[in-house]
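[1] sharing a sequence plus its predicted fold:
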Amino acid sequence: MAKIIFTNDARDDLHSIHEYLLHYSAVLAGRTVDRLIARADALHQFPHSGRRLPEAPGDDCLRELIEGNYRIIYELLPDDRVAVLKVHHAARPLPPDFEAR
């Protein structure tokens, strides 16, 4: 069983997604963020369930899950830990300054 860690960047991403969706619906904003967190929490039992991150083809530790229109980018860490690095809208490219830790 892996321990899930949300980085500050991932937490900021979830907050930004929530704030953006609040302009449309408070219910939609809450449900979307809850669904993203629940999807990431599933990594607790299945840390290898995501596909390898296409932007880092040589790195087996960088992976992503797709949930709706969002990419949950994470890294497999030693000692059965998973770090959620970014939660990003799939229609947008990753920022040029994105780096895995």
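    That came through, no problem.
[2] please pull out the lowest mean pLDDT helix or strand from the protein.
    strand 51-52 (a mean of 90; mean pLDDT, DSSP states H and E).
[3] what residues does it touch?
    Identification of contacts with strand 51-52 by Cβ atoms under 8 Å, 6 or more residues apart in numbering yields 59-60, 62-64. Where you see a C-beta, it was placed from the backbone N, CA and C, and this is true even at glycine.
[4] of all those residues, which comes closest to Lys3?
    Nearest to Lys3 among the contacts of strand 51-52, counting by Cβ to Cβ, is Arg63 at 15.9 Å.
[5] centroid-nearest residue for the protein?
    Per Cα atoms, centre = their mean, the C-alpha nearest to the average position across the chain is that of Ile72, at 2.3 Å.
[6] can you list the weak-confidence ranges in this structure?
    The model of the chain has pLDDT under 70 over residues 99-101.
[7] can you rerun that using 50?
    Scanning the chain for pLDDT under 50 picks out 101.
[8] on that earlier part again, now the residue nearest to the centre of the chain: closest residue in space, sequence neighbours ignored.
    Leu65 (4.4 Å; Cβ to Cβ, 6 or more residues apart in numbering).
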